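Trainee: I'll drop the sequence and a predicted model, then ask my questions.
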Amino acid sequence: MPMRLAEVVANALRVDPAALNDDLEFNSIPEWDSVNHVALILSLEETYGLTISDEQIVTLTRYRTIREFIEAHTSNAPALVS
Amino acid sequence: MTEDTRSLRTGVLASAAVHPNAPAVVVRGQILTYEALALRARVLATAIVRALGRPAARVGVFAARSEVAYVGTLGALCSGAAFVPLNPKLPIERTRFMARRAELDAIIVDRDTAPLLDAVAGDVPVLIHGDQPGEHVPLDDLPAVDPDSLAYLLFTSGTTGEPKGVGITHRNVLHYLDVMGARYGLTADDRCSQTFDQTFDLSVHDLFMTWNAGACLYAMAPIEMLAPARFVNAHQLTSWFSVPSAAVLARDRIPAGSMPSLRWSLFCGEPLTNETAERWQAAAPNSTVENLYGPTELTIACFVYRWDGVAHESVNGIVPIGRPLNGLAARVVDEELLVGGLQTAPGYWRDAAQTAGRFVEGFYRTGDRVMEHPSGIYSYLGRVDHQLKILGFRVEPAEIEGVLRLQPGVTGAVAVGYPIAQAQALGVVAFVTGAVESLDALRRAAAMVLPTYMVPSKIVRLDQFPLNANGKVDRAELLRLAAADETRDPIPVS
């Protein structure tokens, strides 16, 4: 069964999934630093079979943006993603 | 105007006179010309000097990646002062400590830091909004600067549980800029990266190497550093300077030939692996890759090694640190590197005891273990103590341990660098003993006073620390415990 997005993000950032919300962004919490952002991008690529471009890696910096990006780029229904 | 004795500001002001309309810095999409940079700096200098009724001695620049961060730095120098960079990314308590310890005459803030000013200002007499300094004419007759006075004062992690100040004189930094200026030969056509926080002394290289040449500086946001080729190509950068970690984190995003515009690729701040140097060289085939080495106390960098694809003197897969810069002398005593000469700082700020321990007969004891090869090339081997470099930031585990030991119930604390990738620690894991109720609360308490990169990603409670044969805490065993505790690594370690 595919992992829910929240689990993927929480795992990569090493935070409790309950800590995630749409407004959470890069550098807004200590855990979302450069190291974990790279881990997160790799996780997203592996989990959803995507290639994330340089342009996208610098814009996928907010949980909401990531959620919308994954919804738009996968066949998963939003319910599965979120 | 009276003739100005040469100091750190001199080269920038000369560039402004020669290339007034050239871009000096591009930050957040805004272009600041040399004329605007110099004019705004002189206006800030007037505001500071008038309010004080005298030239300033030390001015805090509490700003990051904004026009004010750059204008304020030059403005501080034009007011006769040393600049003291303050970083909004650090916990406010740490910044307040630095502002107080530095005995600032003034603090300059930008829009983002203005709301934090009350929390850090204490009894600093002059507080200036860098974007709106008031109606002032630009300062024309700049206060004279003694070449042996401080050009900047920075704080690094300290072993006594609090940050320690390192003051660098104009004479120190001008020597560095002269030697490296000749080495790199930048011109007004160059476009240079600015990756370092201004609280990191390598940023002084960025600003003043670039400005002395009349070239343009491109301030990068932290997120942009994860895709360096994108930024390099967008701005056709010719010179790159960062910590090796930046190249490690971006390793999958710098394919061969992806950064053809670069002429210079410089790395400093932590060990550079052969693999990282090779990968970057392939990505920037028209550039010369150099490994710089040096602690803050020796003014930005004091050794340099030119990578030519085969590092014969490489030890442990690490690129050598090369040879001392012209005019500097190196000694090795019991494997420890000591460096003396024109770049050796006068000592620690207001701390005679620590100064006496590290600055000996004109030499600074680096605490770095090195070996000198018959070729005269030096290689870095490790530390004589437990100091870590995390993403290039200097971290004394003792400072983290000191903060943890102050928390209720904690009887002992030891911090180790973990995880390790490409010979570098990416973070810190701490072990504590004592009756600790909540490890989470302990971690939050540490985050109140320590910069993010020093906050342990995990704190583990032990009944007692493992000891080695000498009866000391066995840090290697703690590293094994940290690894055993992990189920996976955050980024692939190859």
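Mentor: It's in.
Trainee: Chain B: helices as residue ranges?
Mentor: Using DSSP state H, the helices found in chain B span residues B:10-18, B:34-52, B:67-78, B:92-101, B:117-121, B:170-184, B:202-212, B:228-235, B:244-249, B:274-283, B:352-358, B:397-405, B:439-449, B:475-485.
Trainee: Quick one: mean pLDDT over the fifth one.
Mentor: To tie it back to what came earlier, the one meant is helix B:117-121. What helix B:117-121 shows for mean pLDDT is 95.
Trainee: Other residues contacting that helix?
Mentor: B:62, B:86, B:92, B:95-96, B:99, B:107, B:109, B:127 (Cβ atoms under 8 Å, 6 or more residues apart in numbering or on different chains). Backbone N, C-alpha and C define where each C-beta goes, glycine included.
Trainee: With respect to B:T344, which of the helices of chain B lies nearest?
Mentor: helix B:170-184 (7.3 Å; Cβ to Cβ).
Trainee: Please state the mean pLDDT value computed over that closest one.
Mentor: Mean pLDDT, helix B:170-184: 98.
Trainee: Measure how far it is from the centre of its chain, please.
Mentor: On the basis of Cα atoms, centre = their mean, to the nearest Å, helix B:170-184 sits 17 Å off its chain's mean C-alpha point.
Trainee: what's next to it, contact-wise?
Mentor: By Cβ under 8 Å, 6+ apart, helix B:170-184 touches B:6-8, B:11, B:145-152, B:204-205, B:208-209, B:212-213, B:239, B:264, B:299-301, B:304, B:325-327, B:341-345.
Trainee: what residues does chain A put near chain B?
Mentor: A:12, A:14, A:26-27, A:30-31, A:33-39, A:41-42, A:54-55, A:57-58, A:61 (Cβ under 8 Å from any Cβ of the partner chain).
Trainee: try it again with 7 Å
Mentor: The interface of chain A toward chain B, taken as Cβ under 7 Å from any Cβ of the partner chain, is made up of A:14, A:26-27, A:30, A:33-39, A:54-55, A:57-58, A:61.
Trainee: Put the buried members of these into a ChimeraX selection.
Mentor: To isolate the buried members of those in ChimeraX, using 16 or more other Cβ atoms under 10 Å in any protein chain shown:
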select /A:26,30,33,34,35,36,37,38,39,54,57,58,61
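Trainee: Lowest-confidence one in the residues of chain A next to chain B?
Mentor: pLDDT across the residues of chain A next to chain B is at its lowest for A:P30, which sits at 83.
Trainee: where does the residue in the stretch 1-150 of chain B positioned nearest to chain A land on pLDDT?
Mentor: Scanning the stretch 1-150 of chain B for proximity to chain A using Cβ to the nearest Cβ identifies B:K89 as nearest, at 7.8 Å. With respect to pLDDT, B:K89 has a value of 90.
Trainee: For it, what are phi and psi?
Mentor: phi -80, psi -20 (degrees, to the nearest 10).
Trainee: okay, and the helix or strand of chain A with the least pLDDT?
Mentor: helix A:78-81 (a mean of 50; mean pLDDT, DSSP states H and E).
Trainee: hey, where'd the strands end up in chain A?
Mentor: Taking DSSP state E as the criterion, chain A carries no strands.
Trainee: In it, which helix is the longest?
Mentor: When chain A is parsed with DSSP H, its longest helix is helix A:34-48.
Trainee: Can you list the neighbours in contact with it?
Mentor: A:3, A:8-9, A:11-14, A:26, A:50-52, A:57, A:70, A:73-74, B:222, B:225-226, B:249, B:426, B:490-491 (Cβ atoms under 7 Å, 6 or more residues apart in numbering or on different chains).
Trainee: Please, a ChimeraX command that selects the buried ones among the residues you listed?
Mentor: Only the buried entries of the contacts of helix A:34-48 go into this ChimeraX selection, using 16+ other Cβ under 10 Å:
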select /A:8,9,11,12,13,26,52,57,70,74 /B:222,225,226,249,426,490,491
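Trainee: Can you pull the residues of the stretch 301-450 of chain B lying near chain A?
Mentor: Neighbours of chain A within the stretch 301-450 of chain B, by Cβ under 7 Å from any Cβ: B:426, B:447.
Trainee: Residue of the stretch 301-450 of chain B closest to chain A, please.
Mentor: B:L426 (5.3 Å).
Trainee: Check the burial of B:D252 by counting its neighbours.
Mentor: 13 (other Cβ atoms under 10 Å in any protein chain shown).
Trainee: Which residue ranges of chain A form helices?
Mentor: Per DSSP H, chain A carries helices over the ranges A:5-13, A:34-48, A:54-57, A:63-73, A:78-81.
Trainee: can you put the ones you listed in TSV and add distance to B:R58?
Mentor: Conversion of those to TSV gives the following (distance: least, Cβ to Cβ, whole Å):
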stretch	distance to B:R58
helix A:5-13	39
helix A:34-48	31
helix A:54-57	39
helix A:63-73	41
helix A:78-81	53
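Trainee: Single out the most deeply packed of the helices of chain B.
Mentor: helix B:67-78 (a mean of 28; mean count of other Cβ atoms under 10 Å in any protein chain shown).
Trainee: longest strand anywhere in chain B?
Mentor: strand B:363-372.
Trainee: so how far is that strand from its chain's centroid?
Mentor: Mean-position distance between strand B:363-372 and its chain equals 19 Å (Cα atoms, centre = their mean).
Trainee: okay, that strand in CSV with CA atoms only?
Mentor: The C-alpha coordinates for strand B:363-372 follow below in CSV (Å, rounded to 0.1, in the frame of the first residue of the first chain):
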residue,chain,number,x,y,z
PHE,B,363,51.6,31.6,16.7
TYR,B,364,48.0,30.4,17.0
ARG,B,365,47.5,26.8,18.0
THR,B,366,44.8,25.5,15.6
GLY,B,367,44.0,22.3,17.4
ASP,B,368,44.1,20.6,14.0
ARG,B,369,46.3,17.6,13.5
VAL,B,370,48.3,17.7,10.3
MET,B,371,51.2,16.1,8.5
GLU,B,372,53.7,17.8,6.3
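Trainee: what about it, average pLDDT?
Mentor: Strand B:363-372 carries an average pLDDT of 97.
Trainee: Could you list every helix and strand in contact with it?
Mentor: Counting contacts by 3 or more Cβ pairs under 7 Å, 6 or more residues apart in numbering or on different chains; DSSP states H and E, strand B:363-372 packs against strand B:328-333, strand B:336-341, strand B:378-383.
Trainee: for the residue nearest to B:V124 when sequence neighbours are not counted, what are its contacts?
Mentor: Among residues not flanking B:V124 along the chain, B:L104 sits closest, at 4.8 Å (Cβ to Cβ, 6 or more residues apart in numbering or on different chains). Listed by Cβ under 7 Å, 6+ apart, the contact partners of B:L104 are B:58-60, B:84, B:124.
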